[in-house]
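In: Here is the input, now give the coordinates:
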Amino acid sequence: MIIGSFIAAPALLLITTVWPAYATYKAVASSSEPATLTRWLQYWIIFAIFSSLEFVFDAIGAWVPLYYEAKIGIAIWLVADKTMGATKLCQKFLDPYADKTAIIDEHIDYVAARAKNFQVEDVRAFVNWASQKDLAAIISSASSAAKKTAVDAAATVAKGVPEQSSDKPQEPDEVAEVVEKDTDEKKVD
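Out: Residues are numbered from 1 along each chain as shown. Take a look at the predicted model:
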C-alpha cells in the first residue's frame, strides 16, 4: 500500500464528487447537447451503485496491496472524458434492462403503497410468517428425508438382504492375529 486510505480519501472525493458535480453543473447551465447531459447522468447512476457497495469493497480491499491506487484508477476511468467508463458500464450492463422499467415502476408503486399504510403490527406479522416458513421448511425436509430412509429400509428388507447402516464401518471378514511383544524381562540375580 503506497497511498493508503488517508491520502486516497481526499483524492477520491475530488475525482468522484467535486469534479463530476462541477462538470454536471456546467452541462446543465450551458444547456449543452443531450449527449453530454446523458453522459453525466450515466456517471451519477454508476456512482450511486458503487457508493452503495463501497463498504463491502473497502472491507475486503483494505487487505489487498495497491487497492487504493486501483480505486483511484477506476475512478479516473469512470470520470475521464477520453475513456467515459461510466457510459461504457451503463451501455453494457444497464441498457439491456431498459425495457423492464414498467415492471420496476409497478413494484416501486406497490412498495410505496404498502409503506404508506405501514404499522408496527405488520412487522410482527412478517416475523411470524418468516419464522413459520423456516420451521415449515425444516419440518418438510426432515420428514421427506425420513420417508426416503424408511422406503429404502423397506426395500432392503424385502430383498432379504440384512440392512447395513452407513454410519458404522463394515466388519472385516478376516481376523488378524495380534502378536504381543513379551514385556517381561528376565531378572538377573
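In: okay, CA-based contacts and neighbour counts for the rest of this
Out: OK.
In: Helices of the protein, residue ranges please.
Out: With helices called from DSSP state H, the chain shows them at 5-13, 19-29, 34-61, 67-79, 85-89, 101-116, 120-159.
In: Quick one: mean pLDDT for the shortest one?
Out: Yep, that's helix 85-89 we're talking about. For helix 85-89, mean pLDDT rounds to 95.
In: Make 779 the starting number, not 1.
Out: In the new numbering, first residue 779, that becomes helix 863-867.
In: Low-confidence bits of the chain, can you list those?
Out: The model of the chain has pLDDT under 70 over residues 779, 907, 911-920, 923-924, 928-967.
In: Nearest to the spatial middle of it, which residue is it?
Out: Nearest to the geometric centre of the chain sits Val834, at 9.8 Å (CA atoms, centre = their mean).
In: Enumerate every residue touching it.
Out: Val834 makes contact with no residue under the criterion CA atoms under 8 Å, 6 or more residues apart in numbering.
In: repeat that with 10 Å
Out: Counting by CA atoms under 10 Å, 6 or more residues apart in numbering, Val834 makes contact with Phe828.
In: hmm, back to that, would TSV of the helices of the chain with distance to Asp873 be doable?
Out: Formatted as TSV, these follow (distance: least, CA to CA, whole Å):
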stretch	distance to Asp873
helix 783-791	27
helix 797-807	21
helix 812-839	11
helix 845-857	17
helix 863-867	9
helix 879-894	11
helix 898-937	35
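In: Ile823 - how many residues pack around it?
Out: Neighbour count of Ile823, defined by other CA atoms under 10 Å: 15.
In: so what's it up against?
Out: By CA under 10 Å, 6+ apart, the neighbours of Ile823 are Ser829, Ala864, Thr865, Cys868, Leu872.
In: could you check the distance from the residue nearest to the centre of the chain over to Ile781?
Out: 20 Å (CA to CA, to the nearest Å).
In: Kindly report the same for Phe904.
Out: Distance check for Phe904 against Ile781: by CA to CA, it reads 47 Å.
In: Repeat that for Tyr803.
Out: Distance, Tyr803 to Ile781, using CA to CA: 30 Å.
In: Ala805 is in contact with Thr814, correct?
Out: Yes. In this structure, Thr814 is within contact of Ala805 by CA atoms under 10 Å, at 6.6 Å.
In: Those two - which one has more neighbours?
Out: Under the criterion of other CA under 10 Å, the comparison of Thr814 against Ala805 puts Ala805 first, with 19 against 16.
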